[in-house]
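Undergrad: Turn this into a structure:
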Amino acid sequence: MAELRTVAAHLAPLGFGQAPALAHLNLPPAALVEHALRRQEGRLTDTGALMCDTGHFTGRSPKDRFLVKDADTTGRVWWGDINLPFNPDQFEQLHQKMVAYLADKEIFVREAYAGADPATQLKLRVVNELAWHNLFCYNLFLRPAPGADTSWTPDFSILCAPGFEADPAVDGTRQKNFAVIDFTRKLILIGGTAYAGEMKKGIFGVLNYLLPTRHQTLPMHCSANVGAAGDTAIFFGLSGTGKTTLSTDPQRRLVGDDEHGWTPKGTIFNFEGGCYAKVIDLSASKEPEIWNAIRFGAIVENTRFVPGTHTVNYADKSVTENTRTAYPLDYIPGAVEPSVAGAPRHIFFLTADAFGVLPPLSKLDKSHAMYHFLSGYTAKVAGTEMGITEPQTTFSACFGQVFLPLHPTHYAEMLGQLLDQNPDVQVWLVNTGWTGGSYGTGHRLKLAHTRRLITAALSGVLSEVNFRQHPVFGVAVPAAVPGVPSEILDPRHTWADKAAYDRTATELAEKFTRNFGKYADFANAEILAGAPRLAAVETV
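TA: Next comes the predicted model:
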């Protein structure tokens with residue numbers, strides 16, 4: 001009874017008149033795994049990880065993500081296709097319906113933190129319908145110290161009920177699934193989807209709104225690591241560009257793999273307490289740290305076993321290519337805890353350029369850094385999505401456009417201010433995509449060469465080499481890098497047909513320019529100075 005009274009006190013601020021008869025508070029991983037198995041939510045793999053399915057939704061559903069439009073958000077939020085408005089009265093109606101739905105269910109409640117910086121940390125309360133979702137929150141959010149008093153008033157809460165479906169005609173949603181953030185009520189409602197990433201990305205969206213406006217802190221969709229000398233590096237990149245692979249370096253300590261903040265004081269801090277890594281085609285040889293982290297307490301999503309065994313077949317894409325694992329940060333050897341580091345010495349923007357135009361490594365000045373940050377470019381190739389038969393450009397502002405409640409130029413200008421405050425920071429653009437021609441003609445840059453390029457930048461040896469300016473994109477290209485063939489450094493030299501390279505470079509530059517058109521009226525002159533120069537194409 002004492003536990004039930006405690007849970008009731010935690011749930012009362014979330015609209016529960018009394019705690020459901022079966023309500024569990026802050027269970028440890030072993031108990032959550034036991035409940036998940038009892039409730040047939042998943043199965044154990046031969047390494048002890050819990051394998052679960054997310055059902056119909058195997059990824060986020062951005063078109064079903066909404067922000068409540070009220071007095072606080074009306075004049076601040078960047079409304080449009082990314083941030084869809086939601087009526088406050090309908091939010092309250094949906095909230096009450098979810099509470100009623102959960103009232104007779106077995107539920108799992110968890111207190112946690114978001115943000116390793118004590119000055120900006122959010123206290124969280126999460127209510128889950130599924131035991132494995134509560135384990136996901138244990139892994140991905142920061143965990144209070146054992147025995148800590150968590151009878152707090154949360155700064156933000158989440159109600160997540162995959163079994164509850166909205167009535168679009170009544171509730172104001174697009175379809176039965178939804179994720180709605182209310183900054184005034186400090187509450188996220190998630191229903192109709194069992195994709196666990198909606199919870200972590202919901203809180204990321206909250207931090208993207210609160211940190212710039214309240215704490216002058218830049219939220220970033222990036223990974224981070226630290227070298228032996230205390231030098232911090234951060235890696236921005238969209239899916240498929242190598243962000244997780246390149247930041248997981250046995251010679252450097254991991255700060256975090258996905259979400260960080262950069263404070264005015266100069267520190268970098270992780271928002272999370274764990275990692276949510278893709279596992280498609282995972283192998284022990286390519287990514288040993290992730291491979292070894294998939295053990296008891298970890299979760300694998302939407303994977304399948306080798307027939308007749310409990311061994312995960314990571315090459316199996318029969319459910320989705322977006323197979324994932326979720327595990328605590330301390331499952332990675334040497335991970336930084338608490339996950340706070342000094343200001344970055346190096347920033348890497350990763351892009352998989354399927355057009356074969358961008359250099360494998362180039363240095364960016366402040367203007368080019370803000371321009372490419374605001375552009376967030378990569379390219380999808382055939383086979384990554386249905387209907388894609390040739391390379392397609394993808395631009396995602398700040399390398400995380402779908403998580404930005406404020407206008408993207410706000411974040412780009414914050415980056416510029418931080419670069420001014422930290423003049424020793426070097427910013428690099430890294431092409432992990434194609435060279436010698438576009439996709440289908442050229443070939444993918446070797447991972448070994450990319451690693452050597454990044455190592456050269458981190459070690460400082462590039463301060464001793466000459467750079468030349470790319471004629472179209474204006475970035476600085478090194479003439480030589482130790483351990484890397486010089487002929488691949490200038491992408492034009494790798495193409496047999498130089499005129500074809502020039503045409504393709506112009507076409508890509510035009511794509512950048514067209515994309516940037518939606519920001520041009522908001523961007524300052526310094527950002528605009530980083531744009532490609534279409535009239536400057538080299539011809540021979």
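Undergrad: so where do the helices sit in the stretch 401-540 of the chain?
TA: Counting by DSSP state H, counting those that start in this stretch, the stretch 401-540 of the chain has these helices, from start to end: 408-421, 447-459, 491-494, 498-516, 525-528.
Undergrad: Now the second one - C-alpha only, CSV.
TA: Taking C-alpha atoms only, helix 447-459 is exported to CSV below (Å, rounded to 0.1, in the frame of the first residue of the first chain):
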residue,chain,number,x,y,z
LEU,A,447,36.2,4.4,-44.6
ALA,A,448,39.9,3.9,-43.9
HIS,A,449,40.7,7.2,-45.8
THR,A,450,37.9,9.0,-44.0
ARG,A,451,39.2,7.9,-40.6
ARG,A,452,42.7,9.1,-41.6
LEU,A,453,41.4,12.5,-42.7
ILE,A,454,39.6,13.0,-39.4
THR,A,455,42.6,11.8,-37.4
ALA,A,456,44.8,14.3,-39.4
ALA,A,457,42.4,17.1,-38.5
LEU,A,458,42.3,16.1,-34.9
SER,A,459,46.0,15.8,-34.5
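Undergrad: What mean pLDDT does that helix get?
TA: Mean pLDDT, computed over helix 447-459, is 94.
Undergrad: And it, what's buried?
TA: By 16 or more other CB atoms under 10 Å, the buried positions in helix 447-459 come out as 449-458. Heads up, the C-betas are built off the backbone N, CA and C, glycines and all.
Undergrad: Using a markdown table, please lay out the helices of the stretch 401-540 of the chain together with distance to Gly308.
TA: Compiled in a markdown table, the helices of the stretch 401-540 of the chain are given as follows (distance: least, CB to CB, whole Å):
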| stretch | distance to Gly308 |
| --- | --- |
| helix 408-421 | 50 |
| helix 447-459 | 33 |
| helix 491-494 | 47 |
| helix 498-516 | 48 |
| helix 525-528 | 57 |
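Undergrad: looking at these, which is closest to Tyr439?
TA: helix 498-516 (11.1 Å; CB to CB).
Undergrad: can I get the CA coordinates of that closest one in CSV?
TA: Once side chains and other backbone atoms are set aside, the C-alpha atoms of helix 498-516 remain, and they are given as CSV (Å, rounded to 0.1, in the frame of the first residue of the first chain):
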residue,chain,number,x,y,z
LYS,A,498,36.2,16.9,-66.1
ALA,A,499,33.4,18.7,-68.0
ALA,A,500,30.9,16.3,-66.4
TYR,A,501,32.3,17.1,-63.0
ASP,A,502,31.8,20.9,-63.7
ARG,A,503,28.2,20.4,-64.8
THR,A,504,27.4,18.2,-61.7
ALA,A,505,29.1,20.7,-59.4
THR,A,506,26.9,23.5,-60.8
GLU,A,507,23.8,21.3,-60.5
LEU,A,508,24.5,20.6,-56.9
ALA,A,509,25.3,24.2,-56.1
GLU,A,510,22.0,25.2,-57.7
LYS,A,511,20.2,22.7,-55.4
PHE,A,512,21.9,24.3,-52.4
THR,A,513,20.8,27.7,-53.6
ARG,A,514,17.2,26.7,-54.2
ASN,A,515,17.0,25.1,-50.8
PHE,A,516,18.5,28.1,-49.1
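Undergrad: Contacts for it next, please.
TA: Judged by CB atoms under 8 Å, 6 or more residues apart in numbering, the contacts made with helix 498-516 from elsewhere in the structure are 353, 355-358, 371, 374-375, 377, 393, 395, 437-438, 472-473, 491-492, 495, 523, 531-534, 537-540.
Undergrad: Over to stretch 45-53?
TA: Counting by CB under 8 Å, 6+ apart, stretch 45-53 makes contact with 33, 36-37, 41-44, 132, 135, 194, 294-303, 305, 309-312, 319, 325, all of which sit outside it.
Undergrad: Which members of these occur in helices, if any?
TA: Secondary structure from DSSP state H places 33, 36-37, 132, 135 of the contacts of stretch 45-53 in helices.
Undergrad: do you know how far Pro85 is from Thr441?
TA: Between Pro85 and Thr441 the distance, using CB to CB, to the nearest Å, works out to 45 Å.
Undergrad: one step back: just the buried subset of the contacts of helix 498-516, please.
TA: Neighbour-count burial (16+ other CB under 10 Å) is assigned, among the contacts of helix 498-516, to 353, 355-358, 371, 374-375, 377, 393, 395, 437-438, 472-473, 491-492, 495, 523, 531-532.
Undergrad: In strands only, show me those residues.
TA: Restricting the buried ones among the contacts of helix 498-516 to those inside strands, with DSSP state E as the criterion, leaves 377, 393, 395.
Undergrad: Tell me the one of those nearest Cys160?
TA: For these, the residue nearest Cys160 by CB to CB is Phe395; the value is 30.7 Å.
Undergrad: show me the contacts for the closest one.
TA: Phe395 makes contacts with 375-377, 401, 512, 515, as judged by CB under 8 Å, 6+ apart.
Undergrad: Let me have these in JSON lines, extended by distance to Cys52 and pLDDT.
TA: Formatted as JSON lines, the entries for the contacts of Phe395 read as follows, by distance: CB to CB, whole Å; pLDDT from 0 to 100:
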{"residue": "Ser375", "distance to Cys52": "36", "pLDDT": "96"}
{"residue": "Gly376", "distance to Cys52": "31", "pLDDT": "96"}
{"residue": "Tyr377", "distance to Cys52": "34", "pLDDT": "96"}
{"residue": "Gln401", "distance to Cys52": "29", "pLDDT": "94"}
{"residue": "Phe512", "distance to Cys52": "40", "pLDDT": "96"}
{"residue": "Asn515", "distance to Cys52": "37", "pLDDT": "95"}
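Undergrad: Dump the residues you listed into a markdown table; add distance to Phe235 as well.
TA: Shown next, in a markdown table, are the contacts of Phe395 (distance: CB to CB, whole Å):
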| residue | distance to Phe235 |
| --- | --- |
| Ser375 | 17 |
| Gly376 | 13 |
| Tyr377 | 15 |
| Gln401 | 18 |
| Phe512 | 21 |
| Asn515 | 22 |
